[in-house]
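>>> A predicted structure for the sequence below; I have some questions about it.
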Number of protein chains: 2
Amino acid sequence: MPSPRANLAIALLHYPVYNKLREVVTTALTNLDLHDIARSSRTFGLERFYIVTPSQDQRALAQRITGHWQTGWGADYNPDRKAALDIVRICGTLDEARTDFQAGFADPVKTVITGAANRPGCISCRDLRQMLGDSEVPYLLLLGTGWGLTESCFDAADHILEPIAGAGSYNHLSVRSAAAIMLDRLKGKQ
Amino acid sequence: MPSPRANLAIALLHYPVYNKLREVVTTALTNLDLHDIARSSRTFGLERFYIVTPSQDQRALAQRITGHWQTGWGADYNPDRKAALDIVRICGTLDEARTDFQAGFADPVKTVITGAANRPGCISCRDLRQMLGDSEVPYLLLLGTGWGLTESCFDAADHILEPIAGAGSYNHLSVRSAAAIMLDRLKGKQ
């Protein structure tokens, strides 16, 4: 696949994230994160979905999973799954992901970080939808695993996107569900 | 938990659905369907999420999974997951699910079916959102697994909900992602 032209991409980060005890850890890959977010991304027109983990073993596992559906038995069995996984890129660091995404664009890549908690200075999905439509600036949407991306990630990002609010105080969407809802709000037909 | 008052509930049907060869089959339970759709449903204020399968073994498995997080070790480890799984009910048939949901309401339950293909006479998410807000009629949203619910299910349902449209012709969301997007469109803050 050539350099991306769609100016939104997703990076799913497995490090640096908190665990339940708020220790900074590397989380393990979840097979269905890869499938579900790739399928949602492809459905809403994205051309890159980055799986980011510093663990070489975990990158090898991600490669094996995507390979099964791209060149192995799975490619014939389910061509739609192949089309989704074709947009996946497996990277060791966020910088690697950013460099790949940057290749398709003149403007520098901006990062947009998301989490479950409300923070001051958030932009709304409506704001970001308009920013995506109004320019060719490439936006890389950062999603965390585990108990969320570390404070240092929020400090380093260019924008913070509002969390998806539910009906009440309970708000515990899976990262797969949150990604689907964000993509619909940012790129879905209205 | 007492009878539901939220007039939207979801039923995830594992029968009768098509397989890849368009044969009518019972699909196997997917662990993350249960977790993800329960978490999304709870986040958007639903009080019932029905797992429907005619297989006694599969119902026992579903019970074991939800039980782990409700009364077992998992209940202490992750109370948020317990809160999500508290709304799950495991049923052998759609009629059983409908009877449970009916208990909270005077008006008869209406079924709303969804699938990936466009069909004549669909209602939009916006229509259904308004129907949910305008009355106390209880709506049971039917989601399929495998290659989708059979034609007989579409014939029997009271309403057909439009499929979630992406950016182009590719439209292969997981049922977990489609459920999350529908719940956001039907019940999310706007």
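Received it, and whenever you're ready, just let me know what you need.

>>> rest of the way, CA atoms for contacts and neighbours
Noted.

>>> just checking, A:Ile10 is part of a helix?
No. Secondary structure of A:Ile10 (DSSP: H, G, I helix; E, B strand; the rest coil): strand, not part of a helix.

>>> Verify the stated contact: it with A:Leu142.
Yes. Between A:Ile10 and A:Leu142 a contact is recorded at 6.1 Å, counting by CA atoms under 8 Å.

>>> Around chain B, which positions in chain A sit nearby?
Within chain A, the positions adjacent to chain B are A:36, A:39-40, A:42-45, A:80, A:165-168, A:170-174, A:176-178, A:180-181, A:184, A:187-189 by CA under 8 Å from any CA of the partner chain.

>>> Which among those residues count as buried?
The neighbour-count test (16 or more other CA atoms under 10 Å in any protein chain shown) applied to these identifies A:36, A:39-40, A:42-45, A:80, A:165-167, A:170-174, A:176-178, A:180-181, A:184, A:187-188 as buried.

>>> Give me the helices and strands touching the helix or strand hosting A:Leu61, please.
Assigning secondary structure by DSSP states H and E places A:Leu61 in helix A:56-70. In this structure, helix A:56-70 makes packing contacts with helix A:73-77, helix A:79-85, strand A:88-91, judged by 3 or more CA pairs under 8 Å, 6 or more residues apart in numbering or on different chains; DSSP states H and E.

>>> and the last one, which strands flank it?
According to DSSP bridges, the neighbouring strands of strand A:88-91, each with its direction, are strand A:49-52 (parallel).

>>> what's next to the strand it pairs with, contact-wise?
For strand A:49-52, contacts defined as CA atoms under 8 Å, 6 or more residues apart in numbering or on different chains pick out A:9-15, A:34, A:37-38, A:41, A:62, A:87-94, A:97.

>>> Give me the neighbour count for A:Asn7.
The number of residues packed around A:Asn7, counting by other CA atoms under 10 Å in any protein chain shown, is 22.

>>> re earlier: outside of the helix holding A:Leu61 itself, which residues are in contact with it?
Contacts of helix A:56-70 from elsewhere in the structure, counted by CA under 8 Å, 6+ apart, are A:28-29, A:31, A:51, A:53, A:74-75, A:78, A:81-82, A:85-86, A:88, A:90-92.

>>> From these, pick the one nearest chain B.
Within these, proximity to chain B (CA to the nearest CA) peaks at A:Arg81, which comes in at 8.2 Å.

>>> List the contacts of that closest one.
Per CA under 8 Å, 6+ apart, neighbours of A:Arg81: A:His35, A:Arg39, A:Trp69, A:Ala75.

>>> Out of the residues you listed, which comes closest to chain B?
Closest to chain B out of those is A:Arg39 (5.6 Å), distances taken as CA to the nearest CA.

>>> What segments of chain A are helices?
Per DSSP state H, chain A carries helices over the ranges A:31-43, A:56-70, A:73-77, A:79-85, A:94-102, A:125-134, A:151-156, A:175-187.

>>> what's the offset of the fifth one from the middle of its chain?
The one in question is helix A:94-102. When C-alpha coordinates are averaged (CA atoms, centre = their mean, to the nearest Å), helix A:94-102 and its chain have centres 12 Å apart.

>>> The second one too?
The chain centroid and the centroid of helix A:56-70 are separated by 17 Å, computed with CA atoms, centre = their mean.

>>> ditto for stretch A:7-15
The chain centre lies 3 Å from the centre of stretch A:7-15; the measure is CA atoms, centre = their mean.

>>> Please work out which residues outside it touch it.
A:24-29, A:41, A:46-54, A:94, A:97, A:101, A:132, A:136-146, A:149.

>>> could you give the mean pLDDT of that stretch?
Summarised as a single mean, pLDDT over stretch A:7-15 is 98.

>>> for stretch A:64-84, same thing?
If you average the pLDDT values across stretch A:64-84, you get 81.

>>> For that stretch, list the C-alpha coordinates in PDB.
The C-alpha trace of stretch A:64-84 is given here as PDB (Å, rounded to 0.1, in the frame of the first residue of the first chain):
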ATOM      1  CA  ARG A  64       2.100 -13.600  12.900                       C
ATOM      2  CA  ILE A  65      -1.500 -12.700  13.500                       C
ATOM      3  CA  THR A  66      -1.700 -10.200  10.700                       C
ATOM      4  CA  GLY A  67       0.300 -12.500   8.400                       C
ATOM      5  CA  HIS A  68      -2.100 -15.400   8.900                       C
ATOM      6  CA  TRP A  69      -4.900 -13.200   7.400                       C
ATOM      7  CA  GLN A  70      -2.800 -11.500   4.800                       C
ATOM      8  CA  THR A  71      -0.700 -14.200   3.200                       C
ATOM      9  CA  GLY A  72      -1.600 -17.400   4.900                       C
ATOM     10  CA  TRP A  73      -4.700 -19.600   4.800                       C
ATOM     11  CA  GLY A  74      -6.800 -16.800   6.200                       C
ATOM     12  CA  ALA A  75      -6.200 -14.500   3.200                       C
ATOM     13  CA  ASP A  76      -8.300 -16.800   0.900                       C
ATOM     14  CA  TYR A  77     -10.700 -17.700   3.600                       C
ATOM     15  CA  ASN A  78     -11.700 -14.100   4.500                       C
ATOM     16  CA  PRO A  79     -10.500 -11.500   2.000                       C
ATOM     17  CA  ASP A  80     -12.400  -8.700   3.900                       C
ATOM     18  CA  ARG A  81     -10.200  -9.500   6.900                       C
ATOM     19  CA  LYS A  82      -7.200  -9.200   4.700                       C
ATOM     20  CA  ALA A  83      -8.300  -5.800   3.500                       C
ATOM     21  CA  ALA A  84      -8.600  -4.600   7.100                       C
END
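
>>> Fine by me, thanks again.
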